[in-house]
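Peer 1: Here is the input, now give the coordinates:
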Amino acid sequence: MERKTGPSEDEEQPLTEHIEEMVKRVAVVLFFAGLVSLLAFPFGEEFINFLWYSILPSDISKPHVYHPLELIISQLKAASLLGVVLALPIFVYQTYAFMRPGLYPHERRYYLAAVPTSLVLAFVGLLFGYFLILPAVMTYFMQYSRDVVDIAFALGDTFTLMLVLLGFLAVVFQIPLFIMLAIMMGLTTRTWLEDRRLIMWGVFLGIAFLFSPDPTGMAPFLIALTMVGLFEGTLLLLRWTGRGDG
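Peer 2: You can find the predicted model right below:
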């Protein structure tokens, strides 16, 4: 007697076909991100001024430009941030479409619900970075250097730091979604994650220091703390609701 090991639509295909489909779906995500970035580019300078003067104190001078293309490159980076954030739900959906034949109906519902959730979490991450992380990091920078030198922030380096932190936090705030999806699809359990929480904390710390452009260590520390908070908060919610035990 044969045992059914997967959904009826799940058919074995050659590895080359899987790779080809994956490349096509990644191309869709990149195309969408590039299109949004292209449309947002004309508004890059306004976004730079808004972010610069809303984060830095009023007594800080205008941003300093040290090479001819610095402003243009900063505008491209600003537009790219919007492209990356808006492409996150597209990425989640393309991942779903790639895995759909091997998913059961209830797993498909979880994945489709994750598409709008991903966008909401991304914007929550941006707001968290804008109102809490960036002001804290910039205040720290100025406190340890104001009495020693005259502060003159370079547009390229400073704005890159702002954008990378905002984009990173938009991705970091997907942690609750990833945990929920993994548990709902039976890939892991809350108990398994709780038993390995110290390992997860170490991974978060390593990722934060690896991808943060801040050499002082303040931004990576705050981001790692945020990742741990999201991880533990999700597990606490699962424990409170009695879900995720497997």
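
Peer 1: rest of the way, CA atoms for contacts and neighbours
Peer 2: Noted.

Peer 1: List the contacts of Leu86.
Peer 2: 33, 36, 119 (C-alpha atoms under 8 Å, 6 or more residues apart in numbering).

Peer 1: now the last one, nearest residue through space, not along the chain?
Peer 2: Leaving aside its chain neighbours, Leu119 sits nearest to Pro89 (5.7 Å; criterion: C-alpha to C-alpha, 6 or more residues apart in numbering).

Peer 1: Please verify my assumption that that neighbour contacts Ser118.
Peer 2: Yes. At 5.6 Å, Pro89 counts as touching Ser118 under the criterion of C-alpha atoms under 8 Å.

Peer 1: Could you tell me how many residues sit around Phe211?
Peer 2: Phe211: 12 surrounding residues under other C-alpha atoms under 10 Å.

Peer 1: what separates the strand or helix carrying Ala208 from the chain centre, distance-wise?
Peer 2: With secondary structure defined by DSSP states H and E, Ala208 is part of helix 197-211. Between the centre of helix 197-211 and the centre of its chain there are 15 Å (C-alpha atoms, centre = their mean, to the nearest Å).

Peer 1: Mind exporting the C-alpha coordinates of the helix or strand following it to PDB?
Peer 2: Following helix 197-211 in sequence order, the next helix or strand is helix 218-241 (DSSP H and E). Included here for helix 218-241 are C-alpha records, laid out as PDB according to Å, rounded to 0.1, in the frame of the first residue of the first chain:
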ATOM      1  CA  MET A 218      26.400  51.000  19.400                       C
ATOM      2  CA  ALA A 219      24.200  50.300  16.400                       C
ATOM      3  CA  PRO A 220      25.000  46.500  16.200                       C
ATOM      4  CA  PHE A 221      24.300  46.300  20.000                       C
ATOM      5  CA  LEU A 222      20.900  48.000  19.600                       C
ATOM      6  CA  ILE A 223      19.900  45.900  16.600                       C
ATOM      7  CA  ALA A 224      20.900  42.700  18.300                       C
ATOM      8  CA  LEU A 225      18.900  43.700  21.300                       C
ATOM      9  CA  THR A 226      15.900  44.400  19.000                       C
ATOM     10  CA  MET A 227      16.300  41.000  17.300                       C
ATOM     11  CA  VAL A 228      16.400  39.200  20.700                       C
ATOM     12  CA  GLY A 229      13.300  41.200  21.800                       C
ATOM     13  CA  LEU A 230      11.400  40.200  18.700                       C
ATOM     14  CA  PHE A 231      12.400  36.600  19.100                       C
ATOM     15  CA  GLU A 232      11.500  36.400  22.800                       C
ATOM     16  CA  GLY A 233       8.300  38.400  22.300                       C
ATOM     17  CA  THR A 234       7.100  36.000  19.600                       C
ATOM     18  CA  LEU A 235       7.800  33.000  21.800                       C
ATOM     19  CA  LEU A 236       6.100  34.700  24.700                       C
ATOM     20  CA  LEU A 237       3.000  35.300  22.600                       C
ATOM     21  CA  LEU A 238       3.000  31.700  21.400                       C
ATOM     22  CA  ARG A 239       3.300  30.400  25.000                       C
ATOM     23  CA  TRP A 240       0.500  32.800  26.100                       C
ATOM     24  CA  THR A 241      -1.800  31.600  23.300                       C
END
